[in-house]
Every structure is written in structure tokens, then in C-alpha cells.
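1. How does the following fold in three dimensions:
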Amino acid sequence: MLFLAAVGLASAGVIPVAPIVGHVATQYHAQDELGQYSYGYAGGPSAKDEIKTADGITRGGE
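-> Now for the predicted structure:
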């Protein structure tokens, strides 16, 4: 039955296609009572990872 429906659509000039799936994005964040943290994200054309340690040094952030 589905095949016949697809043939009917194709003969009518309409071809069914798969849906477009959007980009996948992720993010995270963690922090403790000493003020240390880490966070990051990725998705699309952007990505970032950053950490700050108890001694105040921040790494990443590019």
C-alpha cells in the first residue's frame, strides 16, 4: 500500500524526502564551593571549553 502511494506521488511530480535534521548542540557546567568551575559547549560552527582552578588560573576560553 505504501509503495503504491509513493508511486502515485512520484507520478504526480512529488517525490517524498527524508526530513532535515538540525545540528546537534551540547553544553555542560560544573562548579564547586572553592570557586573552581568548568564549562563548555559545542554545536554549529562554535565550540569552547574553559576551566578555572582554585589558584585563580583560567585555561581555555578560546
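2. alpha carbons only for contacts and neighbour counts from here, please
-> Fine.
3. low-confidence ranges in the chain?
-> Applying pLDDT under 70 to the chain flags the ranges 1-12, 62.
4. In space, what's closest to the residue positioned nearest the centre of the chain - neighbours in sequence excluded?
-> In the chain, the C-alpha nearest the mean C-alpha coordinate belongs to residue 25, at 1.5 Å (Cα atoms, centre = their mean). With sequence-adjacent residues excluded and distances taken as Cα to Cα, 6 or more residues apart in numbering, residue 25 is closest to residue 43, at 4.1 Å.
5. was I right about that neighbour contacting residue 22?
-> No. Counting by Cα atoms under 8 Å, residue 43 stays clear of residue 22, with 10.4 Å between them.
6. Please identify which of these two sits among more neighbours.
-> Neighbours of residue 43 and residue 22, each counted by other Cα atoms under 10 Å, are more numerous for residue 43; the result is 12 against 7.
7. The more buried one and residue 23, how far apart?
-> Residue 43 sits 7 Å away from residue 23, going by Cα to Cα, to the nearest Å.
8. With residue 51 instead?
-> From residue 51 to residue 23 the distance is 25 Å (Cα to Cα).
9. Over to residue 59?
-> Plainly put, residue 59 is 27 Å away from residue 23 if you go by Cα to Cα.
10. neighbour count winner among the two?
-> residue 59 (12 against 8).
11. which outside residues touch the helix or strand hosting that one?
-> Per DSSP states H and E, residue 59 falls inside strand 58-60. Strand 58-60 is contacted from outside by 48-52, using Cα atoms under 8 Å, 6 or more residues apart in numbering.
12. so who does residue 56 touch?
-> Contacts for residue 56 (Cα under 8 Å, 6+ apart) come out as none.
13. secondary structure element for it?
-> For residue 56, there is no host helix or strand (DSSP H and E).
14. my read: residue 39 touches residue 47, true?
-> No. Residue 39 lies out of contact with residue 47 (Cα under 8 Å); the separation is 10.9 Å.
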